[in-house]
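> how would this look folded up:
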Amino acid sequence: MAIVWRRRFDGIRNFFGSDSGNALASVKRWHGYPLAFVTAVNNRACGAGGLACVAARKRAPVRVCSFGMKSIVAMNADDIDRKPMQFTTDAVPEHERLARWREEFGKTIISVDIAPLAPEEPFRAEALLQRLPGVRIALCDGSAAEFTRTRAQAAAGGDPVWMIVNLGEPAFALQRDTELTLGIGDAVLVRPDEPGRLRGVTHLDLAIPHAPLAERLHDLDGVFMKPAPASHEALRLFMRYLRMVLSEPKPEESALQQAIVNHIHDLAALAFGATRDTSEQGRRAIAAARLAAVVEHIGKHFADPALSVASVALHHDISPRYLHELLEQSGASFVARVNELRLKRAFALLTRFPNRAVAEIAAQAGFSNVSHFNRLFRMRFGASPSGVRSRS
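Reported below is the predicted structural model:
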């Protein structure tokens, strides 16, 4: 039976990017690559009825399963599949949503108690989870709620430090009688072994082992409950890099996965005051985050004929020379990367619109010179645009 996907909550949609209008306009700064959500998917029974769980992978089918308690508990196992998993209350009857979300997601998955701030209103919630070796990530959105970690839950939760980034309306964090107001994009580290509260709507939560942060920070205990503002450059780079990590399929090689996690650790530490040694080591992480931001920018704007090294460098507040170095180290120059994207767009348009003029398609793909386009196209695909079209 087909299940129609009727709602994608604003916070999660905006974190990854969307061309549609959104209610949280101020979250637009986090727009990036969208996940491959679909409007209709096949429903296959995976256990007793419970929260809907979506395996979200870019450019891959999205499958909704109905998970019961036994299946949900398995999400904490070490051998869990590391692809992103999305949980939503959409498939749950409205009168059961809060109770099931509290029990099956709150207590079992993230080990917190959840209480809505407006219990008289219909409850909704959605979360995207991702696990890598050395970091667990949860992107949560839905009805305004209070997340409370009790002393018993904190004691049983191990040593991960929680980093919370607010992505929606003002949020409030409380621990050790210190209460903070987090604006959109602000972040804070909370102690792993003590109770605390978070009141908010849309937030990104990362569980990072204590040791990597302690190694990278001057005084980890001294930065708990001290917010990092959204304007902090390292935090902005951290968010851009993390958005790329969550949007792209995960590498299979463990060495590559560990490199990604090391970058996450370095950038998180830099956002909260890293040691000198970490600042030096963090240059690689900063370069990776800047590269991710540049590649994202090129991917969004390659069809603009005015796109240039100078315009991209100016947008990201770096020098053209440094931009060239970043891209060369990634294996493709600026010109090569832009031309490849434009040529692929042109190829798709040629086969999709057989009656559209080649010159018009070249312009839509970002080429201002048809002769130059024809030459590059033949070199790339071994045939002229007209030849490719005639074979399709």
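> Helix or strand: which one has the closest residue to T88 other than its chain neighbours?
Leaving aside its sequence neighbours, T88 sits nearest to E126 (CB to CB, 6 or more residues apart in numbering; 4.4 Å). From N, CA and C alone the C-beta is placed, and that goes for glycine too. Under the criterion of DSSP states H and E, E126 resides in strand 125-132.
> tally of neighbours for the residue nearest to L128 when sequence neighbours are not counted?
Nearest residue to L128 in three dimensions, chain neighbours excluded: L139, at 4.3 Å (CB to CB, 6+ apart). A count of nearby residues for L139, using other CB atoms under 10 Å, gives 25.
> hang on, L139 in a helix?
No: using DSSP: H, G, I helix; E, B strand; the rest coil, the assignment for L139 is strand, not a helix.
> if I look at it, how far off is F367?
According to CB to CB, to the nearest Å, L139 stands 38 Å off from F367.
> Equivalent analysis for F147, please.
51 Å.
> I'd say E296 and S247 touch.
No: using CB atoms under 8 Å, E296 is not in contact with S247, being 9.1 Å away.
> and whichever strand or helix holds G387, which residues are buried?
G387 is part of helix 385-391 when elements are defined by DSSP H and E. Using 16 or more other CB atoms under 10 Å as the test for burial, helix 385-391 gives 385, 388-389.
> helices or strands up against that helix?
Applying 3 or more CB pairs under 8 Å, 6 or more residues apart in numbering; DSSP states H and E, we find helix 385-391 packed against helix 334-352, helix 358-365, helix 370-381.
> One more pass at 7 Å, please.
Using 3 or more CB pairs under 7 Å, 6 or more residues apart in numbering; DSSP states H and E, the elements in contact with helix 385-391 are helix 334-352, helix 370-381.
> so how far is it off the chain centroid?
38 Å (CA atoms, centre = their mean, to the nearest Å).
> Dump the buried residues of helix 385-391 to CSV, plus pLDDT.
Output for the buried residues of helix 385-391, formatted as CSV (pLDDT from 0 to 100):
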residue, pLDDT
P385, 92
V388, 86
R389, 84
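> Let me know the closest of these to R352.
R389 (10.2 Å; CB to CB).
> Quick check: G185 is in a strand.
No: assigned with three-state DSSP, G185 falls outside any strand and is coil.
> Let me see the contact set for S111.
149, 153, 157 (CB atoms under 7 Å, 6 or more residues apart in numbering).
> Could you do F302 as well?
So F302 contacts 338, 341-342, 366 (CB under 7 Å, 6+ apart).
> For it, what are phi and psi?
phi -60, psi -30 (degrees, to the nearest 10).
> That one and A127, how far apart?
Distance check for F302 against A127: by CB to CB, it reads 33 Å.
> picking up where we left off before, the residue nearest to L128 reaches A125, doesn't it?
No: using CB atoms under 7 Å as the test, L139 is too far from A125 to be in contact (11.8 Å).
> low pLDDT regions in the stretch 51-200 of the chain?
51-83 (pLDDT under 70).
> What ranges does it have for its helices?
69-73, 94-100, 151-155 (DSSP state H, counting those that start in this stretch).
> Tell me which of these lies nearest to D205.
With CB to CB, the closest approach to D205 among the helices of the stretch 51-200 of the chain belongs to helix 151-155: 14.2 Å.
> which residues are contacting that closest one?
Outside helix 151-155, the residues that touch it by CB under 7 Å, 6+ apart are 111-112, 193-195.
> which of those tops the neighbour count?
V112 (22 neighbours).
> List the contacts of that one.
106, 147-149, 153 are the contacts of V112 under CB under 7 Å, 6+ apart.
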